[in-house]
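Novice: Have a look; sequence and predicted model below, questions after that.
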Amino acid sequence: MNVFTTRKSLNEALASLKEAKKSVGFVPTMGALHEGHLALVKRALSESDTVVVSIFVNPTQFNNMQDLDKYPRMLQADVDLLNSIGEVIVFAPTVEEVYPENDTYTPLDLEGIDNVMEGEFRPGHFQGVVHVVRNLFQIVQPNQAYFGLKDFQQVAVIRLLTKKYNFPIQIIACPTLRETNGLAMSSRNLRLTEKEREDALIIIQTLKYIQSLKATKTPKEAKELAMEYFSNGKLRLEYLEIVNGANLKSLDNEWDEYSVVCLAAFCGAVRLIDNLELV
Ligand code: PAF
């Protein structure tokens, strides 16, 4: 498998493919790959001539340095996993390659969608995501890019940045992959003990509980009942919001056609997020 660490070597490898008008699918990741990432890569492989997977733990999107230090890093294991599913190009750059001295990035106006939920509890997080994704898009110049819907708000932010920078890139959002017990797959799950994995199930149970309330309660009532339900578990809730899935505005008295519940909570020291589209 080809693993490139510099922009120059990656661009050289992609040049002939682009000249031959081959399509490039891109899966940006921070490594510690799991089935959820592999599902994105498999979809990209089925829809593109060539697939680039970036593995880069982006320091600018962490507002907690401990979280950054503890983020799992396992490049060789990631490359082996990718090898097992097909032929892809891996881009594993250094911080200097992604953020060169002549970087022209200035913060992008995200029209407020970066200030709610994740944005409220992780100030600066989405500007960090926008910065890295913008730089990676400029380096890779893919035709389509694949993101997981577990990071629901991130997908909304990425759609907006793509529009604002006029990138000719199709953003493809893929469903959240779950363990058989319902726990959303995440690289952070590696840091959970067996007991915490059990405790974390309160997340999906609460999301499903809200789904069950939708027919008879307003969003406001459902939220209150769900918060009470959640408090019977062991996790510390950061937020639980029922929002319009397009503009992320909170729903109060009426459900929307596109209503989504988003939740973040600490399971021990590990921060987990999840969401469910309410049908
Ligand atoms: O979702 C992630 O893993 C990261 O936020 C991303 C999109 C790779 C940017 O660092």
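Specialist: Right, received. Where do you want to start? Please read all numbers here as calculations on a predicted model, not as lab measurements.

Novice: could you pull out the helices for the stretch 151-279 of the chain?
Specialist: Using DSSP state H, counting those that start in this stretch, the helices of the stretch 151-279 of the chain run over residues 152-164, 194-199, 201-213, 219-230.

Novice: and residue 177, which of those is closest to it?
Specialist: Nearest to residue 177, of all those, is helix 201-213, at 12.6 Å by C-beta to C-beta. Using the backbone N, CA and C atoms, a C-beta is placed for each residue, glycine as well.

Novice: Report the angle between that closest one and helix 219-230.
Specialist: Per axes from the mean of the first three to the mean of the last three C-alpha atoms, to 10 degrees, the angle that helix 201-213 makes with helix 219-230 is 150 degrees.

Novice: next one: phi and psi at residue 134?
Specialist: phi -60, psi -50 (degrees, to the nearest 10).

Novice: Residues of the stretch 51-200 of the chain that sit close to the ligand?
Specialist: 58, 61, 129, 132, 133, 151, 154 (C-beta under 6 Å from any ligand atom).

Novice: Now do the SS call for the fourth one.
Specialist: What it means is residue 132. Assigned with DSSP: H, G, I helix; E, B strand; the rest coil, residue 132 falls in the helix class.

Novice: okay, now it: neighbour count?
Specialist: Residue 132: 21 surrounding residues under other C-beta atoms under 10 Å.

Novice: where are the low-confidence patches of the stretch 51-200 of the chain?
Specialist: For the stretch 51-200 of the chain, no stretch has pLDDT under 70.

Novice: Nearest to the ligand within it, name that residue for me.
Specialist: For the stretch 51-200 of the chain and the ligand, the shortest gap (C-beta to the nearest ligand atom) falls at residue 58, measuring 3.9 Å.

Novice: In space, what's closest to that residue - neighbours in sequence excluded?
Specialist: residue 132 (4.3 Å; C-beta to C-beta, 6 or more residues apart in numbering).

Novice: try residue 125
Specialist: That would be residue 61: by C-beta to C-beta, 6+ apart, it lies 5.3 Å from residue 125.

Novice: Then residue 192?
Specialist: Closest to residue 192 by C-beta to C-beta, 6+ apart is residue 270, at 5.7 Å.
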